[in-house]
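Colleague: got a predicted structure here, sequence first:
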Amino acid sequence: MTSLVLADHEGGTLNPATLATVTAAAALGGPVHVLVAGGGDATAAADAAAKVAGVEKVLLASDAAYAHQLAENVAPLVAGLMDGYDAFLASATTTGKNIAPRVAALMDVMQVSDIIGVEGPKTFTRPIYAGNAIATVESSDAKLVITVRGTAFDKAAAEGGSAAVENVSGAGDAGLSSFVGLEAVKSDRPELTSAGTIVSGGRALKDGPTFEQVITPLADKLGAAIGASRAAVDAGYVPNDYQVGQTGKIVAPELYIAVGISGAIQHLAGMKDSKVIVAINKDPDAPIFQVADLGLVADLFQAVPELTEKL
Amino acid sequence: MKILVPVKRVIDYNLKPRIKADGSGVDLANIKMSMNPFDEIALEEAVRIKEAGKAEEVVAVSIGPAKAGSDTLKSARAIGADRAIHVETDEEVEPLAVAKILKAIVDEEQPQLVIMGKQAIDDDNNQTGQMLAALLGRPQGTFASKVEIDGDHVAVTREVDGGLETVRLALPAVVTTDLRLNEPRFPALPNIIKAAKKPMSTKSPADYGVDTAPRLKTLKVAEPPVRQAGEIVPDVDTLVAKLKAMGAV
Ligand SMILES: Cc1cc2nc3c(=O)[nH]c(=O)nc-3n(C[C@H](O)[C@H](O)[C@H](O)COP(=O)(O)OP(=O)(O)OC[C@H]3O[C@@H](n4cnc5c(N)ncnc54)[C@H](O)[C@@H]3O)c2cc1C
């Protein structure tokens, strides 16, 4: 059982989610190889992947066609390499979720999405119904295609390995799609999915400037990442990539502070595995209190500035 | 241009599912079922493209039990689909098999665009659109928050982890919707009445020559570990003290 892990990388660095995926791949029991597909900066990412503990070999596919991880170009590359592998694993990031099912269909395999546990060589646990149920599923396909929930597995050590890097190539540009642009939110804050502390705001924050005024000082004080409910994103207080939940990002920080968030099941699906949850809400019956370790029933416009000051 | 919109009948998003005592699955008997919210967004988008004069026909497809035809596809026609195809089956059909059935329908119907939800809120798989695009050998614009038809191409703005990414795809293409693409309308009463008169054909998976035997076997469905509610603290000072005591700050 040899596994191929797709590296999620940008600007020459590996996304930490890839380290968790390496751990999941290792749990399948065989050697783990990592594929780094990308443009010019893929070489640096391949060097980083070669240092990850437990990685036996790195495949580097460097081609402008792979620079933006277009699924139309990357999926055939992966499918073409799978003769030598028993399992393909990608992180359940937007990149992995875009590419992996395309690979699965090319291989005529039914993908196992968003696994949170490896129970056997072909048996996995995965959340369904927004995390309100956990299914244990067994694949009957000859080969496996899997996406991995990053918060559910420990990250493999980024240092300690010394894998060989081997160049591979695929068909390159399929001529079906092209990358136009990325509107990236530049921020010096820790990334949501790997942050140790997260302060999240909901609809109660009223508007963009108010969100910024209330949430940012607290996040600054804690060195925290900032998250949001769907309602806050839909209303335009913050960009889409702040959304935590069933259809946003799945997070599990040491400390999650939910401010003016009611706690809809879709929001809980994204944060209920956090170690410590704090909720600040003026409604004592808000469902968020059912999962909070520490709840404060208060007007956030008073409580949050006071908390920021006293921490 | 013709647009195909696959829609799935799922548990209503406001409901918390009940797990069967024997752990064999989720109990859906007598549970309110609705159109998957992402599919509703897909349908709305297709109807808007038609209303903007960029498409002539919107065809909705649903694969599922009798009620997927009588309820879900009726709603789809009330929202604005011109025609419906019901592929009737009582079996649970996995994304790969759904994609194969949809491929056969696309081969027959030749739509320029397929718009579908990025995931169903029951199995949360997030696979079918990507699989369909692969089987068709066509491009995919997943997690769309903006769709702009431009001649024989479509520009799709995608909600990705790092922000908003725009890709340009050659038509025919498959688009999967994210939540912010649009806000679906409530169908007007006259449209609900008219819906039943719009044509619907009924087929079976076998009509498309697709084997729907599951590849994944569900061994068990269980409750997630429950989180115990903690305590309500009286004021900010207590909150700070507790957080410090826990070593959380
Ligand atoms: C298919 C689907 C997918 C979804 N995916 C997600 C997802 O990924 N993530 C997500 O978050 N949501 C998601 N949702 C939306 C979800 O159902 C809720 O609508 C949303 O989470 C509500 O956001 P909120 O808690 O900010 O707003 P509300 O529910 O309106 O809650 C606002 C809260 O603020 C409190 N409040 C108001 N004023 C104050 C004050 N001055 N001080 C203190 N508290 C105050 C109120 O008591 C209330 O509890 C999804 C919905 C659907 C249908």
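Modeller: Cool, the structure landed.
Colleague: check contacts around the residue minimising distance to the centre of chain A.
Modeller: Nearest residue to the geometric centre of chain A (CA atoms, centre = their mean): A:Thr93, 4.2 Å. Contacts for A:Thr93 (CB atoms under 8 Å, 6 or more residues apart in numbering or on different chains) come out as A:8, A:15, A:17, A:150, A:193, B:161. The C-beta positions use only the backbone N, C-alpha and C, and glycine is treated the same way.
Colleague: at 10 Å what do you get?
Modeller: A:6, A:8, A:15, A:17-18, A:21, A:99, A:147-148, A:150, A:193, A:249, B:160-162 (CB atoms under 10 Å, 6 or more residues apart in numbering or on different chains).
Colleague: swap in A:Asp234?
Modeller: Going by CB under 10 Å, 6+ apart, A:Asp234 touches A:203, A:228, A:240, A:243, B:179-180, B:183.
Colleague: hmm, 6 Å instead?
Modeller: A:Asp234 sits next to no residue when contact means CB atoms under 6 Å, 6 or more residues apart in numbering or on different chains.
Colleague: what ranges does the stretch 101-250 of chain A have for its helices?
Modeller: All helices of the stretch 101-250 of chain A, identified by DSSP state H, counting those that start in this stretch, fall at A:208-222, A:230-234.
Colleague: which of these is buried the deepest?
Modeller: Of all the helices of the stretch 101-250 of chain A, helix A:230-234 has the most neighbours on average by mean count of other CB atoms under 10 Å in any protein chain shown, namely a mean of 22.
Colleague: would you mind extracting the C-alpha trace of that helix into PDB?
Modeller: Output in PDB follows, covering the C-alpha atoms of helix A:230-234 (Å, rounded to 0.1, in the frame of the first residue of the first chain):
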ATOM      1  CA  ARG A 230     -22.000  33.200   7.400                       C
ATOM      2  CA  ALA A 231     -24.300  36.000   8.300                       C
ATOM      3  CA  ALA A 232     -21.400  38.400   8.900                       C
ATOM      4  CA  VAL A 233     -19.800  37.400   5.600                       C
ATOM      5  CA  ASP A 234     -23.000  37.600   3.600                       C
END
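Colleague: that helix: what's the following helix or strand?
Modeller: Counting by DSSP states H and E, the element after helix A:230-234 in chain order, helix or strand, is strand A:255-259.
Colleague: dig out what B:Val156 forms beta bridges with.
Modeller: With DSSP bridges as the criterion, B:Val156 is bridged to B:Val147, B:Val167.
Colleague: for B:Ala52, see how far away it is.
Modeller: Using CB to CB, to the nearest Å, B:Val156 is found at 16 Å from B:Ala52.
Colleague: follow-up on the earlier one: from the ligand, how far off is the residue nearest to the centre of chain A?
Modeller: For A:Thr93, the distance to the ligand (CB to the nearest ligand atom, to the nearest Å) stands at 15 Å.
Colleague: repeat that for B:Val93.
Modeller: 21 Å.
Colleague: tell me the contacts of that residue?
Modeller: Neighbour list for B:Val93: B:63, B:212 [criterion: CB under 6 Å, 6+ apart].
Colleague: quick one: distance of the helix or strand of chain B with the lowest mean pLDDT to the chain centre.
Modeller: Taking mean pLDDT, DSSP states H and E as the measure, chain B has helix B:189-195 as its least confident helix or strand, at a mean of 92. In terms of CA atoms, centre = their mean, to the nearest Å, the gap separating the centre of helix B:189-195 from the centre of its chain is 23 Å.
Colleague: helices or strands next to it in the packing?
Modeller: Based on contacts counted as 3 or more CB pairs under 6 Å, 6 or more residues apart in numbering or on different chains; DSSP states H and E, the elements that helix B:189-195 packs against are helix B:73-79.
Colleague: identify the residues contacting the helix it packs on?
Modeller: B:7, B:35, B:43, B:60, B:62, B:84, B:86, B:187, B:191-192, B:195, B:198, B:200.
Colleague: what score does B:Ala188 have for pLDDT?
Modeller: Listed pLDDT for B:Ala188 reads 89.
Colleague: burial of it, as a residue count?
Modeller: By other CB atoms under 10 Å in any protein chain shown, the residues close to B:Ala188 number 11.
Colleague: measure A:Phe289 to B:Asp161 for me?
Modeller: Note on A:Phe289: its distance to B:Asp161, by CB to CB, is 29 Å.
Colleague: same deal with A:Arg189?
Modeller: Per CB to CB, A:Arg189 is found 14 Å from B:Asp161.
Colleague: which of those two has more neighbours?
Modeller: Applying other CB under 10 Å to A:Arg189 and B:Asp161 shows that B:Asp161 carries more neighbours, namely 23 against 15.
Colleague: contacts only, for that one.
Modeller: Listed by CB under 6 Å, 6+ apart, the contact partners of B:Asp161 are A:93-94.
Colleague: do B:Asn36 as well
Modeller: The contact partners of B:Asn36, taken as CB under 6 Å, 6+ apart, are B:8, B:10, B:117, B:120-121.
Colleague: A:His33 belongs to a strand, doesn't it?
Modeller: Yes. Applying DSSP: H, G, I helix; E, B strand; the rest coil, one finds A:His33 inside a strand.
Colleague: pLDDT wise, what is it at?
Modeller: A:His33 is assigned a predicted lDDT (pLDDT) of 98.
Colleague: ok, now B:Ala196?
Modeller: 88.
Colleague: what of the one 10 residues further on?
Modeller: The predicted structure scores B:Ala206 at 97 on the pLDDT scale.
Colleague: where does pLDDT dip in chain B?
Modeller: Applying pLDDT under 70 to chain B flags no residue at all.
Colleague: CA atoms only: put whichever helix or strand comes after the least confident helix or strand of chain B into PDB for me.
Modeller: Sequence-wise, the next helix or strand downstream of helix B:189-195 (DSSP H and E) is strand B:200-203. Listed next in PDB are the C-alpha coordinates belonging to strand B:200-203 (Å, rounded to 0.1, in the frame of the first residue of the first chain):
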ATOM      1  CA  MET B 200     -41.500  16.100 -16.700                       C
ATOM      2  CA  SER B 201     -40.200  12.800 -17.900                       C
ATOM      3  CA  THR B 202     -39.600   9.800 -15.600                       C
ATOM      4  CA  LYS B 203     -36.600   7.500 -16.200                       C
END
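Colleague: strand B:200-203: which residues count as buried?
Modeller: By 16 or more other CB atoms under 10 Å in any protein chain shown, the buried positions in strand B:200-203 come out as B:200, B:203.
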